[in-house]
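In: Provide a 3D model corresponding to the input given below.
(chains A and B)
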Amino acid sequence: MSLMKRVSLIFRSKANTALDRAEDPRETLDYSYQRQLELLSKVRRGVADVATSRKRVELQVNQLEQQAAKLQGQAEKAIGAGREDLAREALTRKSGLAQQITSLKEQQATLQGEEEKLVLAQQRLQAKVEAFRTRKETIKATYTAAEAQTRIGEAMSGIGEEMGDVGLAIQRAEDKTAQMQARGAAIDELIASGALDDASSLNAGDDIARELDALSSNTDVEAELARLKAGSSAPQAIEAADDGGDILEAAPEQQAAQRPTEGGQA
Amino acid sequence: MIVRILGEGQYDLDDGALDALNGLDQQVENAVESGDEDMFRTALQGLLAAVRSSGTHHAADSLDESDLILPPPDATIDEVRELLGDDGLIPG
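Out: Residues are numbered from 1 along each chain as shown, chains lettered A, B, ... in the order given. So this is what the prediction gives:
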């Protein structure tokens, strides 16, 4: 593609094709932002899940505490009624619940910690996504401006190409006109100087030959004229000298006298 | 792909047509380098004919940049050299 490419490069020398037209970075940025939003959404869901679990544990702790309080009351009543065995059973159950409550409270604390961490992460991520969104919009705006600039450059390049084409055509037309004018002038000059024969002229040859031709032509005309003048008067003078000048009447007689001889011979 | 023949207009060509044009283009460049006017004329006409036959006219009212630009059909070898020169024939 060397010649075509070289000509093209010359025409495109002023074009700004810095940006790759194949890939639109705005789409990439939007896609990336979308992915970040999805991630943020997942974190939010995680936070919600942890919070739900924590609340469920809290509810269980509350229920167990109520149950423990109830057993405590039952034990007190049993003592009041003199039923130590029942009181012992109630307190034994309460003791079992207390262990569960302690375990659940530990879980609750762990979940609380997880939740706080996740909320913090979510806040950080949200801030990052927000910053990215702002930056993305800035980049997009910059890219759009750059693209517009490039489009202008490309359009200008297109115009330049058109102009180059027209310019070339005009220059070629001018060159040809000038060349033809120069050629015409040179031919005229050459014909005038006699170096070139004028094909359209009847009298071919150089200027001297033409002048001589013209001269002899004039001489011929004069001579012809003189001959015609002389020719029209000379015969009359001869006839007049022979038979008194009546040539028109003498002729039929001469023709009649000749006829029998011609017939006899035939 | 848009190919402009200077003084003639733009043609739309399939990228596949490029391979065929490459060989013809090489011939034109060889002719320019060797200064063989007859070979240049034949090669250039061949290249332009190939562009015209394998392409379709690009819309005249659209202002699109050509991917490739070719010298005019009646360009002489000297004109092409001039075109490739530093000054070129480009306005601006």
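
In: need the contact list for the nearest residue to residue A:79 once chain neighbours are set aside.
Out: Leaving aside its sequence neighbours, residue A:79 sits nearest to residue A:87 (C-beta to C-beta, 6 or more residues apart in numbering or on different chains; 4.8 Å). To be clear about C-beta, it is placed using only N, CA and C from the backbone, and glycine gets the same treatment. Going by C-beta atoms under 8 Å, 6 or more residues apart in numbering or on different chains, residue A:87 touches A:74, A:75, A:76, A:78, A:79.

In: Measure how buried residue 46 is and give me the count.
Out: Defaulting to chain A. Residue A:46: 15 surrounding residues under other C-beta atoms under 10 Å in any protein chain shown.

In: my bad, the chain I had in mind was chain B
Out: Other residues close to residue B:46 by other C-beta under 10 Å number 16.

In: Report the secondary structure element holding it.
Out: Per DSSP states H and E, residue B:46 falls inside helix B:37-54.

In: Do you know the pLDDT at residue A:24?
Out: For residue A:24, the model assigns a pLDDT of 66.

In: and if you look at residue A:203?
Out: We have a pLDDT of 51 for residue A:203.

In: likewise the one 3 residues further on?
Out: Per-residue confidence (pLDDT) for residue A:206: 62.

In: Could you do residue A:56 as well?
Out: For residue A:56, the predicted pLDDT is 90.

In: What segments of chain B are strands?
Out: In order along the chain, chain B carries the following strands (DSSP state E): B:2-5, B:9-12, B:56-57, B:68-70.

In: follow-up on the earlier one: any idea which of the contacts of residue A:87 has the most stuff around it?
Out: Busiest of the contacts of residue A:87 [other C-beta under 10 Å] is residue A:75, holding 21 neighbours.

In: my read: that residue touches residue A:94, true?
Out: Yes. The pair residue A:75 and residue A:94 qualifies as a contact (C-beta atoms under 8 Å) at a distance of 7.0 Å.

In: who are the neighbours of the helix holding residue B:46, in terms of helices and strands?
Out: Secondary-structure packing of helix B:37-54 (3 or more C-beta pairs under 8 Å, 6 or more residues apart in numbering or on different chains; DSSP states H and E): strand B:2-5, helix B:18-34, strand B:68-70, helix B:77-84.

In: Packed most tightly, which of these would that be?
Out: Most buried of those, by mean neighbour count (mean count of other C-beta atoms under 10 Å in any protein chain shown): strand B:68-70, with a mean of 25.

In: For that strand, give me every contacting residue.
Out: Taking contacts as C-beta under 8 Å, 6+ apart, the residues outside strand B:68-70 that touch it are A:1, A:3-5, A:7-8, A:11, A:161, B:1-6, B:47-48, B:51.

In: Filter those down to the buried ones.
Out: For those, a burial check counting by 16 or more other C-beta atoms under 10 Å in any protein chain shown picks out A:3-4, A:7-8, A:11, A:161, B:2-6, B:47-48, B:51.

In: between those, which is nearest residue B:77?
Out: Using C-beta to C-beta, residue A:3 comes nearest to residue B:77 of the buried ones among the contacts of strand B:68-70, at 11.6 Å.

In: Tell me which residues touch the closest one, please.
Out: Counted by C-beta under 8 Å, 6+ apart, residue A:3 has contacts B:25, B:28, B:29, B:32, B:70, B:80, B:84.

In: which SS class is it?
Out: Per DSSP: H, G, I helix; E, B strand; the rest coil, the secondary structure class of residue A:3 is helix.

In: so what's the spatially most central residue of chain B bridging to?
Out: Central residue of chain B (C-alpha atoms, centre = their mean): residue B:70, 2.0 Å from the mean position. Beta bridges link residue B:70 to residue B:5, judged by DSSP bridges.

In: pLDDT score assigned to it?
Out: pLDDT recorded at residue B:70 is 87.

In: can you check residue A:258 too?
Out: pLDDT for residue A:258: 49.

In: How many residues are close by the closest residue to residue A:60 other than its chain neighbours?
Out: Nearest non-adjacent residue to residue A:60, counting by C-beta to C-beta, 6+ apart: residue A:104, 5.5 Å away. Using other C-beta under 10 Å, residue A:104 is surrounded by 20 other residues.

In: what's the spacing between residue A:104 and residue A:95?
Out: Plainly put, residue A:104 is 15 Å away from residue A:95 if you go by C-beta to C-beta, to the nearest Å.

In: cool, residue B:64 as well?
Out: Shown here: residue B:64 relative to residue A:95, a distance of 88 Å by C-beta to C-beta.
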